[in-house]
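Q: got a predicted structure plus its sequence, pasted below:
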Amino acid sequence: MEIHIRTTGSVTILDLSGNLIIGRSEESLRETVKQLIAEERRFFLINLAEVPTIDSSGIGAMIKSFTSVKEANGKLKVLKPSRMAQQLLTITGLLSVLEIFDDESAAISSF
């Protein structure tokens, strides 16, 4: 999985591409968010449009990222999860915690 970082205003957008699964990809997400928090970034939008598969470890990485951002008094939101990802977020109860968007402009303005 690759992570491309871009910024719009105060929002840091993480464009993920590839599978978010056990191993290097989920570790990479957690470490990237941790590093960005250390750089004083607080508002995150995780773009899942190019993530076809997420497993339980990937969900765990998203939960850990969400928790880390919240502890830093920030916000983390999700953009364009695949149908499978949306189902996993529903099953795990994360949809009640995470804000999900299909439109990037709407997501950014929600911060």
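A: Yep, it's here.

Q: buried set for the worst-scoring helix or strand of the chain on mean pLDDT?
A: Every helix and strand of the chain was ranked by mean pLDDT, DSSP states H and E. The lowest is helix 83-91, at a mean of 84. Neighbour counts using 16 or more other CB atoms under 10 Å place 85-86, 88-89 of helix 83-91 among the buried residues. Quick note: C-beta positions are derived from backbone N, CA and C, even for glycine.

Q: what's the helix or strand for the residue nearest the centre of the chain?
A: Of all residues in the chain, the one closest to the mean position by CA atoms, centre = their mean is Ile46, 3.3 Å from it. Using DSSP states H and E, Ile46 sits in strand 43-50.

Q: partners of that strand, with directions?
A: Partners of strand 43-50 in the sheet, by DSSP bridges, are strand 11-17 (parallel), strand 75-79 (parallel).

Q: go through stretch 6-18 and flag the buried ones.
A: Across stretch 6-18, burial judged by 16+ other CB under 10 Å covers 11-16.

Q: ok, the nearest residue to Glu26 once chain neighbours are set aside - how many residues close by?
A: For Glu26, ignoring the flanking residues on the chain, the nearest one in space by CB to CB, 6 or more residues apart in numbering is Ala61 at 3.8 Å. Using other CB atoms under 10 Å, Ala61 has 24 neighbouring residues.

Q: with the one 5 residues further on instead?
A: Other residues within reach of Phe66 by the criterion other CB under 10 Å amount to 21.

Q: ok but it is inside a strand, no?
A: No. Checked against DSSP: H, G, I helix; E, B strand; the rest coil, Phe66 lies outside a strand; its state is helix.

Q: find me the pLDDT at it, would you?
A: Among the per-residue scores, Phe66 holds a pLDDT of 93.

Q: hmm, Leu89 and it touching each other?
A: No. Counting by CB atoms under 8 Å, Leu89 is not a contact partner of Phe66; they are 11.1 Å apart.

Q: what's the end-to-end length of stretch 96-111?
A: 17 Å (CA to CA, to the nearest Å).

Q: please renumber so the chain begins at 34
A: All set: I'll call the first residue 34, so the last point we hit is now stretch 129-144.

Q: fine, thanks again, bye for now.
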